[in-house]
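*Asks:* quick one, structure for this:
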Amino acid sequence: MSHSHTDVSDQVNNEACPLTEVLDHVAGKWSIGILVAAAHGPVRFTELERGITGISRRMLTLNLRKLERDGLLIRTVYPTVPPKVEYSLTPMARELHASLTGLVGWAERHRADITAARAAYDDAASNPDAHAGTGGR
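*Replies:* Here you go, the predicted model:
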């Protein structure tokens, strides 16, 4: 193996692997919904459960624990009967929320472009003869 190939492997292992792990946690289907919902102030479990379409209680619980463990949520338990539990974003999660808001804006602005690109790609894939000589698709 060449020295330059080893350098690339080291770089991937040192930078991309931890990055991928973090992105898997914060960019998951349910994590984004939880972070967006909690960004508007402390939120209770039942509010999250009602507000995030399709999430089960178990999946919500697992994701809340994961986000709390990652330092993105603060879980506050109030000594009442029954116990009242609220979740709020940490400062680190507030910064992440700002980035997610930018990503959501980008997705909204380019939704039609992506839909058109998919249709063109699918059309070219289903009619290869009609697109012969258009760049090697």
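
*Asks:* how many neighbours does residue 73 have?
*Replies:* The local packing of residue 73 (other Cβ atoms under 10 Å) involves 23 other residues. Every C-beta, even on glycine, is put in place using the N, C-alpha and C of the backbone.

*Asks:* so it sits right up against residue 65, yeah?
*Replies:* No: with contact defined as Cβ atoms under 8 Å, residue 73 does not count as touching residue 65 (9.0 Å).

*Asks:* ok, now how distant is the residue most central in space within the chain from residue 62?
*Replies:* What sits nearest the mean C-alpha location of the chain, by Cα atoms, centre = their mean, is residue 27, with 1.7 Å. Distance, residue 27 to residue 62, using Cβ to Cβ, to the nearest Å: 16 Å.

*Asks:* now do stretch 97-111, average pLDDT.
*Replies:* Taken as a whole, stretch 97-111 has an average pLDDT of 89.

*Asks:* what ranges do the helices span in this protein?
*Replies:* Applying DSSP state H to the chain gives helices spanning 3-11, 17-26, 29-38, 45-51, 57-69, 91-126.

*Asks:* could you tell me the least trusted of those?
*Replies:* helix 3-11 (a mean of 59).

*Asks:* per-residue confidence at the residue nearest to the centre of the chain?
*Replies:* pLDDT, residue 27: 78.

*Asks:* do residue 136 as well
*Replies:* According to the model, residue 136 scores 50 on pLDDT.

*Asks:* next one: residue 2
*Replies:* Looking at residue 2, the pLDDT reads 52.

*Asks:* ok, the nearest residue to residue 57 once chain neighbours are set aside - how many residues close by?
*Replies:* Spatially, and ignoring its direct neighbours in sequence, residue 57 is nearest to residue 49 (6.4 Å; Cβ to Cβ, 6 or more residues apart in numbering). Neighbour count of residue 49, defined by other Cβ under 10 Å: 14.
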